[in-house]
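K.L.:
Coordinates only, no sequence provided:
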DNA sequence: CTGTTAGCGCGTTCAT
DNA sequence: ATGAACGCGCTAACAG
């Protein structure tokens, strides 16, 4: 490439990646650009990475790429990445903590400039400790880290306000007159589940009430999990007038169970409120009342934190959420 | 790292990445492994890439990471990648052909081992030509390419059988007695739209019928596109008894328009059949009859083709699809 | 079985 | 403004 243009490789490098001794004469610049085009030359990123000790790759670790929740986050991340000329390596852990650690190591070997931990963290102390260790190793090598949602580690974090959102959902039901409210919770080892449960308890406490363990059923954060938890709950508490699901997937399962197995009408017999406001929420039947999370914005913001080289104390941003009242909730 | 273990870097390389002169004595091996652990050493992928002239990264180009259609494909790709110890770089083009080309170049500079073009291709000849040129450059450098769905370029491709699927959908309606069937089509520049339309025409021809242009409305491949196209169609043809949407997103929009704006019951007044069988299809109201595509499998298979170094003629695999009859279709 | 040596392609001094 | 030369961390021959 350099010879084809009849210049030194240093000069070629300067015009193609414009750094160091920046200025190159117009004549040589032209020749280099022509040769590059003629040879359809593209630079070699691994070589650049080696020489510069820095890549333009960021890693994004999610539980499941097919989950619309992560799809929304990823969209924000991709948008920000594009704005900064970064490429995104996506790793799907399929909800395995072990895989999460493994991918973190691989992202380290890739010398990713940064990694984004999306999805909720796990509460297991042993896991969190090991995660912290890996992250420390990564940052020691100059990598940046940010979390979407609390992961229990010392890293910049941006998270939708889970706790306030859950309180919003409970308040919504309470104002409609509901007093016998069942809660469909996700896996207890997820930090986000704990935060959302705490929000429910906050709101209950303000009302002078509490959360009876019998009114709570946990399950997978999925349609099936929601279905099973709903059946379990109504078996124990046939007189529930409302259901608060800790995510939209579980709410979808609840609606299905209520209609097919339980024969209850929504919102006539039972009101249902979800959490996340995924795109399909409006198409459920009835259209789901839920808590809207600024997921894209969250992903985008996390990328911005990562790119902001400012050194300082850990930053934690909590993004505001809102309740979207649709047709699945009504007066008690 | 090598000195810490008191061995040559070649030996260290051998035990850590076991290549070339494979065998290393147990004693040295132990020392290397211990040092690696002590120093929490991780290899440098860019350096390896430079030396080996080959990375363990594959690129996946999609239109939109939030679209469940691509989520399903990506899941299959990720699963296969994991099985082969590959990392996946995901590029979202946001449906811009220009961006698709740009990301292809960037994947070239990354020296990705392979790239997967997912999502439907565009029909624009100028774009296809340029795409072909870039792809040729990429393969000339040793990169592999595979397409998920026809992209009009000379590359291995694996695709769900769009044409047969559309015929299946039309047959389903026809057998239920529908004769006035409206078709909700996506953007005409998408190859998949053309294939699906061809399938509809195939099935119609077999029945001795044809597709009246007035029975067809095109729109965005989205909920909103489906809604608008449905309104347009019923404005022209108020007597339609069935709607065939070329993807589930449009079908969701059709259901909404039918219920809210048009006041028609489904399937009482109008039957609706979709295409793709995305996860939310069963939760629409009424549950959507649709054509199920083996999307995960398609993504997985595309990765397998890419990894299979066999040189030979271009391979094209068409994966079978099936009709899933649910509640949105009924007798005319 | 193990060490030595020569690049891989590029960024970066340091001269010129 | 330009070129020569070194090194980034690693793999791949080649010698022992």
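P.N.:
In hand now; what should we look at? From a predicted model like this one, the values you see are computed outputs, not experimental measurements. Numbers count the residues shown, from 1 in each chain, chains lettered A, B, ... in the order given.

K.L.:
and residue A:64, how many neighbours?
P.N.:
A count of neighbours around residue A:64, defined by other Cβ atoms under 10 Å in any protein chain shown, yields 20. Glycine gets a C-beta too; all of them are placed from N, C-alpha and C.

K.L.:
In contact with it: list those residues for me.
P.N.:
A:70, A:92, A:94-95, A:119, B:75 (Cβ atoms under 8 Å, 6 or more residues apart in numbering or on different chains).

K.L.:
got the residues of chain A near DNA strand D?
P.N.:
By Cβ under 7 Å from any atom of the strand, the part of chain A that sits against DNA strand D consists of A:6-11, A:21, A:23-25, A:27-29, A:47, A:50-51, A:53.

K.L.:
Which of these fall within helices?
P.N.:
A:9-11, A:27-29, A:47, A:50-51 (DSSP state H).

K.L.:
Of those residues, which pair is most distant in space?
P.N.:
A:27 and A:50 (30.8 Å; Cβ to Cβ).

K.L.:
Which one of these two is surrounded by more residues?
P.N.:
residue A:50 (20 against 9).

K.L.:
So for the more buried one, what's the pLDDT?
P.N.:
Per-residue confidence (pLDDT) for residue A:50: 95.

K.L.:
now residue A:20
P.N.:
pLDDT, residue A:20: 54.

K.L.:
Could you say which helix or strand holds residue A:88?
P.N.:
strand A:87-92 (DSSP states H and E).

K.L.:
Which strands or helices does that strand pack on?
P.N.:
strand A:57-62, helix A:68-83, helix A:97-109, helix B:68-83, strand B:87-92 (3 or more Cβ pairs under 8 Å, 6 or more residues apart in numbering or on different chains; DSSP states H and E).

K.L.:
Residue A:284 against residue A:278, yeah?
P.N.:
No - in this structure, residue A:284 is not within contact of residue A:278 by Cβ atoms under 8 Å, at 9.8 Å.

K.L.:
Intersect the ones in helices among the residues of chain A next to DNA strand D with the contacts of chain B.
P.N.:
A:47, A:50 (Cβ under 8 Å from any Cβ of the partner chain).

K.L.:
Buried ones from the ones in helices among the residues of chain A next to DNA strand D, can you make that a PyMOL selection?
P.N.:
The following PyMOL line selects those of these that are buried, judged by 16 or more other Cβ atoms under 10 Å in any protein chain shown:
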select buried, chain A and resi 11+28+29+50
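
K.L.:
the strands in the stretch 151-300 of chain A, which residues?
P.N.:
Here the stretch 151-300 of chain A has its strands, by DSSP state E, counting those that start in this stretch, at A:156-160, A:181-185, A:216-218, A:242-245, A:271-273, A:290-292.

K.L.:
how distant is the second one from the center of its chain?
P.N.:
Yep, that's strand A:181-185 we're talking about. 23 Å (Cα atoms, centre = their mean, to the nearest Å).

K.L.:
anything in it near chain B?
P.N.:
No - using Cβ under 8 Å from any Cβ, strand A:181-185 never reaches chain B; the gap is at least 15.7 Å.

K.L.:
That strand: partners in the sheet, and parallel or antiparallel?
P.N.:
strand A:216-218 (parallel), strand A:242-245 (parallel) (DSSP bridges).

K.L.:
low-scoring stretches of chain A, by residue?
P.N.:
A:18-22 (pLDDT under 70).

K.L.:
Get me the contact residues on it for DNA strand C.
P.N.:
A:1, A:9-10, A:13-14, A:16-17, A:19-21, A:43-44, A:47-48, A:50-52.

K.L.:
Just name the most buried of the helices and strands packed on strand A:87-92.
P.N.:
Of all the helices and strands packed on strand A:87-92, strand A:57-62 has the most neighbours on average by mean count of other Cβ atoms under 10 Å in any protein chain shown, namely a mean of 26.

K.L.:
That strand vs strand A:87-92, what angle?
P.N.:
Angle of strand A:57-62 versus strand A:87-92, following axes from the mean of the first three to the mean of the last three Cα atoms, to 10 degrees, is 20 degrees.

K.L.:
Return the distance of strand A:57-62 from the chain's centre.
P.N.:
With Cα atoms, centre = their mean, you get 11 Å for strand A:57-62.

K.L.:
tell me what that strand is packed against?
P.N.:
Counting by 3+ Cβ pairs under 8 Å, 6+ apart, strand A:57-62 packs on helix A:68-83, strand A:87-92, helix A:97-109, strand A:114-117.

K.L.:
any idea how far the third one is from the chain center?
P.N.:
Relative to the centre of its chain, helix A:97-109 is centred 17 Å away, using Cα atoms, centre = their mean.

K.L.:
What of the first one?
P.N.:
With Cα atoms, centre = their mean as the basis, helix A:68-83 stands 9 Å off its chain's centre.
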